[in-house]
Every structure is written in C-alpha cells, then in structure tokens.
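Trainee: what's the 3D shape of this:
(one chain, ligands or ions: 2)
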Amino acid sequence: MRNIGRPIRKLNNLTNRFIMPLLTVAVIFSFVLVALGSWNAWQISQSFKLKVTPEFQLQRLSDEIIYLDEVLTMSARMAASTGDLQWESRYRIFEPKLDTAIKQSIAIAPEAFANPAIQTDEANMKLVGMENEAFKLISQGNPEKALSVLFSSEYEKQKRIYSQGMLKTNAALQERVRSNLDFYGSTLSWSSLFSLFSLLILIVAWGTILVLVNQYINYRRLIEKKLLETQTKLENTNESLETSEAALRQKAEALEKTMKDLKQSQTQMVQNEKMSSLGLLVAGIAHEINNPVNFIHGNVQYIQEYSEDLFNFIHLYQKHYSEPVAEIQQALKSIDLNFLQVDLLKILKSIKIGSERINKIVLLLRNFSRMDEADFKKVDIHEGIDSTLLILDYYLKSKPACSHIEVIKKYGDLPLVECYAGSLNQVFMNILTNAIDALEETSFRSVNPNESNQLAQAQSGQIQIRTSLIDLDWVEIVIEDNGMGMSESVKDKIFDPFFTTKPVGKGTGMGMSISYQIVVEQHGGNIECVSILNQGTRFNIRIPLHQKMSQAEYIK
Ligand SMILES: Nc1ncnc2c1ncn2[C@@H]1O[C@H](COP(=O)(O)OP(=O)(O)O)[C@@H](O)[C@H]1O
Ligand SMILES: [Mg+2]
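Mentor: Numbers count the residues shown, from 1 in each chain. Ligands and ions are numbered 1, 2, ... in the order given. You can find the predicted model right below:
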C-alpha cells in the first residue's frame, strides 16, 4: 500500500491545489468575459442603432430636399411655359414639404447644416421670391415674362448657389456619416480585440484545464490500476497469511496439547514412580518378614505339640511317683506347674494367632505390591482393597482427626476379575486418600462451635466400601464417604489433570485424573462421581470381568 500512497497524495494535491481552483477561476473568468462581451455587443448594437438610423434619415431627407427643390423649379417653369395655374397648386403642395424636410434635417444634424444652411436658405428665399413673382406674372396673363424670370441668369445663379449649398450639406452629412462609422468601426475593433483577447485567455485557460484534466484522468487510471494490483497482491498476501496463520494455529494447538500431555505424563510418571517405590518397599518388607514369620508360624505348632508331650510326660511321672523328694516338691510349688501349663498353652496359642496375622499381613502387602506385574491377571478385587486399606491404616491412624473414621466393608460375592491389580490398587488408594482427606477436613471444620450440627456427623466419619456383581460381565466397587462433599463446579472438574482444591504441597490434582485413565482407558470400565456438598461423596467404579486386549497392547 506504501507505493500507492504517493500517487494518491499527488492526485489529491493536483486536484486540491490546481484543478479545482483553476476550474473555479476559469468558470468565473469565462462568465465575466462572456458577460462583458455580451454587454459590449449590446452596447455596440445600441450605438449602431443610435448613430446609423439618423444618418439614413438625413440621407433620405437630403435626397428629398434636392428632389423637392427640383419639383418646385420644374412646377414653376411648367406653369410659366404652359400658363396652366394647376402647376402652381402643385407647387404649393410641395413647398411646405420642402420646408419641413429642411427643418427636420437641421433638427437631426444642426452642425451639418450650420454653414451651408445660410447659403442655401438665402438662395432658397430668393428662388421662392422669384417663383412667386413668376406665378404672379402668370396669373396676370404674362407667362412670357414669368418664363424669362425663371430662366433668368439671376434665377440660375441662385439655383447654383442653392445646389452648391446642398452639395456642401451633403458633403458635411457624408463626413458626419464617415466620422460616425469610424467611431463605430474603432469601437467594433476594440470590442473585437477584447473578444479576441478574451477568447485567447479562455482558450489558454480551458486548454490548461483540459491538459490538467487529462493528466488527472491518466493519473486516476494509473492509480486505479495500481490499486487493483495492490489489492490483488494484498488479497494474495492475505490468503497466504490466513493459510499460514491457520497452519501456525494448528501447530500451536498441537504444541499446547503435546505440552499438556507431556506435563500430564511427567506427573503421572512421578506418581507411578512413587507408587512403584512404595510397592517395592512394601514388597521388600513383606519378603523380609515372610521368612522369619514362616519360621515362627511353622514351629509354633511343634512347640505346642512338644509342650503338650512334655506336660503329659510330667503328669505320667507324677502318677507313678506320687511322693517325690522334698527338693522336687519345693520346685513344683515354686513354678506352679498347673498354672504354667495352662498359661504356656495360652501363650503358644496367641503366638500362633499372632504369626498367622503377620502371615496375612505379609500376604496383603505382597498383594498390594503387585504393581510390577506387566499383564492383566485374574485377581480377587477384595484382596486389592484390603491390602490398600492395610497400607492406609497407618496413614489413618497417624492423623489424630481421623482416628475415629470407621471403615465399613460390604463385600459381595465376586468372581476373579481380569485386571491390572497394581493399577487398580492405585485407584483404590487415590479414592480412599481423598475420602480420608474429605473426612479430616469435615472434622477439622466442625471444631468451629457455630457448626455444632456437623459435629455429630464428623464424629461418626465413615467410609463404606461395597462390591457387587452387576450383570454377568461387570463388577462394581462403590466407595462412599460422608465427608464435606463437593460443589457442582468442583465435581465437574475433578477428573481434569492438575485440578485440586487442596493447598500447595498437599494436593497435586493428579489422583482422580490418573484413576480415570486407569479405569476408563486401561480397563475399559467407567467411573462416576456423585457428590452433595456437606453430605458426602460416592464413587462408582465399574470394571469388566474380562479384558479385550492385553496390557502390552495398551502400552503400545
Ligand atoms: N471424596 C471427596 N470428597 C470431597 N472432594 C473430593 C473427594 N475426592 C476428590 N475430591 C476433590 O477433587 C479434587 C481432585 O482430587 P485429586 O485428583 O485426587 O487431587 P488432589 O487430591 O491432589 O487434590 C480434590 O482436590 C477435591 O477437591
Ligand atoms: Mg487426591
């Protein structure tokens, strides 16, 4: 867009700085010049009318005067020649007309008549005098004399004077016409010159405007072309930008997902590592205890038998030697043989029970530590739960607030379940620790006297574990606590990785997410959470009895 900016600026500059002002000036100028020209033409036509009309009139009057004069002369001479006085009446008709024509001429152009008029007037008067005399002579019946008057040298002389005067008048009139025409001509020339000049200016102005407009149009075309090019380029760039942006967004999303997965698997690995370390530790302890306990358990039976044999033997002695020596009697008294026999057998029995219990514990511990087993195996789910509870027993007892927690087991009749025992134990462990935490939180909060109604609930903190077979292919394990429960918003997020409501250092937010993964993804089961705030939480775990794929396949 940068390379198009300059021509557009230039175009705007051209339009704003030159074309528009010039166009305005040219239009105003044209108007002024046309108005001036029109006014001038009108003026000229007016002056032409004013000047030329009287000139024509004068010319006509001059011709009329000459004609009338001739008519008068001829009428007088005809009257004299013929003696017919009708010519006189004709004369009388034309005489005032000549007078009027002369007066009119003087009125129009007094200067033209100024000098010759005196001459013609005088001659005219004399001629009229002689003509009247002639008419008088005719009426007296003396036409010959009248004729001699009218052809006399005096008459001819006056006639000449008159005609010379008229010639002068005509010349003066002509001069007047010429001078008027000259003036008109010069005015016309000036106005033509002015019109020509105006025309020239207009041609130059409009020419310049045409050039500028042409330039403007060319520029516009160029800019439009460039704009189109730029637009196409921009569209192309936009398209490629959009494509690369979409690709980048996709990459970023993929990266974000990878990061999330990585973080999750890292935490999961740490968790797994912890669990397997715990498993190893438990397995080690179980192994170490197993031998000596077996040793004790195996030998207690013999001790019992041997002791009974020994007592039977003593009783046999007593029977056959009822009166022993004083020293034996003394010793018998001091050891209280009867009590010793009863007590020893009791002790041996309790040792037996104790060792049996240790044996059971070792078995449970071994059960719990089956995490390293790399494939699905048919196991007793109850054993897994019991071993987890055993491990947690210590955790429970270590918290004074939780020492009153009661664990109620309601085990159904379950077949062996094909599963990854170590992982399932981890699920039980996660859910049971959360339950213990929830109960601990509840009892902790109930210390507040305002919440005394919760005290009773807190004092009878319970965790119920129920198992059952639902239809032929699925087992259900329900773990329920009457702890603090969860709000809807918390419940919606518990399976999200890293979601925790516990303080930093205590919660990782991975327990439920890993449990979900183990139950749903690893075992193809499902896990459901039902929770009511301040009342408790229940987890329903359903696992199929048989697995469709092996653990090795799952890992792949
Ligand atoms: N039984 C329960 N009672 C109340 N809240 C629970 C219960 N089990 C899980 N939660 C809630 O779910 C959250 C996530 O649990 P979990 O994934 O195990 O992470 P963590 O225990 O590290 O916080 C807990 O922080 C808690 O708020
Ligand atoms: Mg947890």
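Trainee: for the residue lying closest to residue 176 once chain neighbours are set aside, grab the count of nearby residues.
Mentor: Spatially, and ignoring its direct neighbours in sequence, residue 176 is nearest to residue 112 (5.4 Å; C-beta to C-beta, 6 or more residues apart in numbering). C-beta: built from backbone N, CA, C; applies to glycine. Counted with other C-beta atoms under 10 Å, residues neighbouring residue 112 total 23.
Trainee: please state the offset of the helix or strand encompassing residue 112 from the chain centre?
Mentor: Element membership of residue 112 [criterion: DSSP states H and E] is helix 110-139. A distance of 111 Å separates the C-alpha centroid of helix 110-139 from that of its chain, computed with C-alpha atoms, centre = their mean, to the nearest Å.
Trainee: do the same with stretch 486-506
Mentor: Taking mean C-alpha positions (C-alpha atoms, centre = their mean), stretch 486-506 and its chain are 37 Å apart.
Trainee: and ligand 2, is that stretch touching that?
Mentor: No - using C-beta under 5 Å from the ion, stretch 486-506 stays clear of ligand 2, coming no nearer than 7.5 Å.
Trainee: returning to that earlier point: what angle do the next helix or strand after the helix holding residue 112 and helix 110-139 make?
Mentor: Using DSSP H and E, the next helix or strand after helix 110-139 towards the C-terminus is helix 143-150. Angle of helix 143-150 versus helix 110-139, following axes from the mean of the first three to the mean of the last three C-alpha atoms, to 10 degrees, is 160 degrees.
Trainee: contacts for helix 143-150, please.
Mentor: 73, 76-77, 79-83, 130-131, 133-138, 155 (C-beta atoms under 8 Å, 6 or more residues apart in numbering).
Trainee: which SSE is immediately downstream of the lowest-mean-pLDDT helix or strand in the chain?
Mentor: Least confident element among the helices and strands of the chain, by mean pLDDT, DSSP states H and E: helix 453-459 (a mean of 46). For helix 453-459, the succeeding helix or strand toward the C-terminus, using DSSP H and E, is strand 462-470.
Trainee: partner strands of that next one and their direction?
Mentor: Its sheet considered, strand 462-470 pairs with strand 406-410 (parallel), strand 474-481 (antiparallel) by DSSP bridges.
Trainee: tabulate those (a markdown table), appending mean neighbour count and mean pLDDT.
Mentor: Listed next are these as a markdown table, based on neighbours: other C-beta atoms under 10 Å; pLDDT from 0 to 100:
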| stretch | mean neighbour count | mean pLDDT |
| --- | --- | --- |
| strand 406-410 | 12 | 94 |
| strand 474-481 | 21 | 97 |
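Trainee: between those strands, which gets nearest to ligand 2?
Mentor: strand 474-481 (12.7 Å; C-beta to the ion).
Trainee: next, see if the closest one gets close to ligand 1.
Mentor: Yes - applying C-beta under 6 Å from any ligand atom, one finds that strand 474-481 is in contact with ligand 1 at residue 481.
Trainee: contact partners of that strand?
Mentor: 381, 385, 414-415, 417, 428, 431-432, 435, 438-439, 461-470, 525, 536-545.
Trainee: whichever of those end up buried, select them in ChimeraX.
Mentor: Selecting the buried subset of the contacts of strand 474-481 in ChimeraX, with 16 or more other C-beta atoms under 10 Å as the burial test, is done by:
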select :381,385,414,417,428,431,432,435,438,439,461,462,463,464,465,466,467,525,536,537,538,539,540,541,542,543,544,545
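Trainee: give the full set of residues in contact with the residue lying closest to residue 410 once chain neighbours are set aside.
Mentor: Leaving aside its sequence neighbours, residue 410 sits nearest to residue 466 (C-beta to C-beta, 6+ apart; 4.4 Å). Residues near residue 466 by C-beta under 8 Å, 6+ apart: 410-412, 477-478, 480.
Trainee: on that earlier part again, distance of the residue nearest to residue 176 relative to residue 118?
Mentor: Residue 112 sits 13 Å away from residue 118 when distances are taken as C-beta to C-beta, to the nearest Å.
Trainee: was I right to think residue 532 contacts residue 484?
Mentor: No - contact criterion C-beta atoms under 8 Å: residue 532 and residue 484 do not qualify, at 10.2 Å.
Trainee: hmm, back to that, helices or strands next to the helix holding residue 112 in the packing?
Mentor: Judged by 3 or more C-beta pairs under 8 Å, 6 or more residues apart in numbering; DSSP states H and E, helix 110-139 is in contact with helix 20-82, helix 86-108, helix 143-150, helix 153-320.
Trainee: return the set of buried residues in it.
Mentor: Buried-residue list, helix 110-139, by 16+ other C-beta under 10 Å: 112-113, 116-117, 119-120, 123-124, 126-128, 130-131, 134-135, 137-138.
Trainee: could I get the average pLDDT for that helix?
Mentor: For helix 110-139, mean pLDDT rounds to 81.
Trainee: tilt between it and helix 86-108?
Mentor: Counting by the same axes, to 10 degrees, helix 110-139 points 170 degrees away from the direction of helix 86-108.
Trainee: which residues of this structure score low on pLDDT?
Mentor: 1-5, 7, 14, 116-117, 273, 276, 369-374, 443-459, 549-556 (pLDDT under 70).
Trainee: residues of it that sit close to ligand 1?
Mentor: So far as C-beta under 6 Å from any ligand atom goes, the chain lies against ligand 1 at 430, 434-435, 438, 481, 483-486, 490, 494, 499-502, 507-513, 537.
Trainee: show me these that map onto strands.
Mentor: Among the residues of the chain next to ligand 1, the residues falling in strands (DSSP state E) are 481, 537.
Trainee: now do the same contact list for the residue in the stretch 251-400 of the chain that ligand 2 sits nearest to.
Mentor: As assessed by C-beta to the ion, ligand 2 sits closest to residue 271 within the stretch 251-400 of the chain, at 10.1 Å. Going by C-beta under 8 Å, 6+ apart, residue 271 touches 508, 510, 514.
Trainee: rewinding a little: any idea which of the strands paired with strand 462-470 gets closest to residue 240?
Mentor: strand 474-481 (54.8 Å; C-beta to C-beta).
Trainee: the closest one and ligand 2 in contact?
Mentor: No - Strand 474-481 lies out of reach of ligand 2 by C-beta under 5 Å from the ion, never closer than 12.7 Å.
Trainee: so how far is that strand off the chain centroid?
Mentor: 53 Å.
Trainee: sorry, back to before: let me know which of the helices and strands packed on helix 110-139 is tucked in deepest.
Mentor: helix 143-150 (a mean of 19; mean count of other C-beta atoms under 10 Å).
Trainee: report the angle between the axes of that one and helix 20-82?
Mentor: Using the same axes, to 10 degrees: helix 143-150 against helix 20-82 is 140 degrees.
Trainee: convert the C-alpha atoms of helix 143-150 to PDB, please.
Mentor: Provided in PDB are the C-alpha atoms of helix 143-150 (Å, rounded to 0.1, in the frame of the first residue of the first chain):
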ATOM      1  CA  PRO A 143     -46.300  84.000 -68.800                       C
ATOM      2  CA  GLU A 144     -43.500  85.000 -71.200                       C
ATOM      3  CA  LYS A 145     -42.200  87.400 -68.500                       C
ATOM      4  CA  ALA A 146     -42.600  84.800 -65.900                       C
ATOM      5  CA  LEU A 147     -40.600  82.400 -68.100                       C
ATOM      6  CA  SER A 148     -37.900  85.000 -68.500                       C
ATOM      7  CA  VAL A 149     -37.700  85.400 -64.700                       C
ATOM      8  CA  LEU A 150     -37.500  81.600 -64.200                       C
END
